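Enquirer: Sharing a model that was predicted from the sequence below.
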Amino acid sequence: MQYRRFGKTEKHLSTVTLGGMRFKHGWDEPRRAIPEDTLDECLNTVQLAFDAGINHIETAWGYKKSETVYGKVLNEELMIPRTSYHLMTKGNPLTADATYEMVENQLRDLQTDYLDFYGWHGINTPELLEQSCKKGGPVEALLKLKDEGIIKHVGFSTHGPWK
């Protein structure tokens, strides 16, 4: 596996990331109920990824079951030391209060007390950029969580052209 510095973070991540968007039944409700075949697929995928040298796991609140199944596999099934991989999740809350609540849920579901990377998910329009970055808004909340050490690095993602 090849590793490269991730942006300005000085963290060396595998050039291949293990994403969590497409697990079996991953989009089904309820989000925290994990069917056995979903757990098995995630378990096998994570084991293969770690065996191949992948050290970056990526997920998002919007991927429904992904955070919960990763939490179970990494911590209950495989018991992988938290310091041996880099964990990124994402979310797109529109207020600071919603940000704190979402991150608290994400930490619980992922069974961790910190996130290496957090991305404000899907800044796809000028309106979302303004809403997310306004004073007292969600990005400011993420930066406060960074100051507290709960999130190590803050960024954003986008999925389409500006409209």
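Expert: It's in. Quick caveat, the model's predicted, so the values are computed rather than measured.
Enquirer: From the contact counts, what lies against the helix or strand bottoming out on mean pLDDT in the chain?
Expert: The helix or strand of the chain with the poorest confidence is helix 126-133; it has a mean of 88 (mean pLDDT, DSSP states H and E). Helix 126-133 sits against helix 138-147, with contacts defined as 3 or more Cβ pairs under 8 Å, 6 or more residues apart in numbering; DSSP states H and E. Heads up, the C-betas are built off the backbone N, CA and C, glycines and all.
Enquirer: So what angle separates the directions of the helix it packs on and helix 126-133?
Expert: 40 degrees (axes from the mean of the first three to the mean of the last three Cα atoms, to 10 degrees).
Enquirer: Quick check: buried residues in helix 138-147?
Expert: Pro138, Val139, Ala141, Leu142, Leu145 (16 or more other Cβ atoms under 10 Å).
Enquirer: Need those residues in JSON lines (columns: pLDDT).
Expert: Output for the buried residues of helix 138-147, formatted as JSON lines (pLDDT from 0 to 100):
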{"residue": "Pro138", "pLDDT": "96"}
{"residue": "Val139", "pLDDT": "95"}
{"residue": "Ala141", "pLDDT": "97"}
{"residue": "Leu142", "pLDDT": "97"}
{"residue": "Leu145", "pLDDT": "98"}
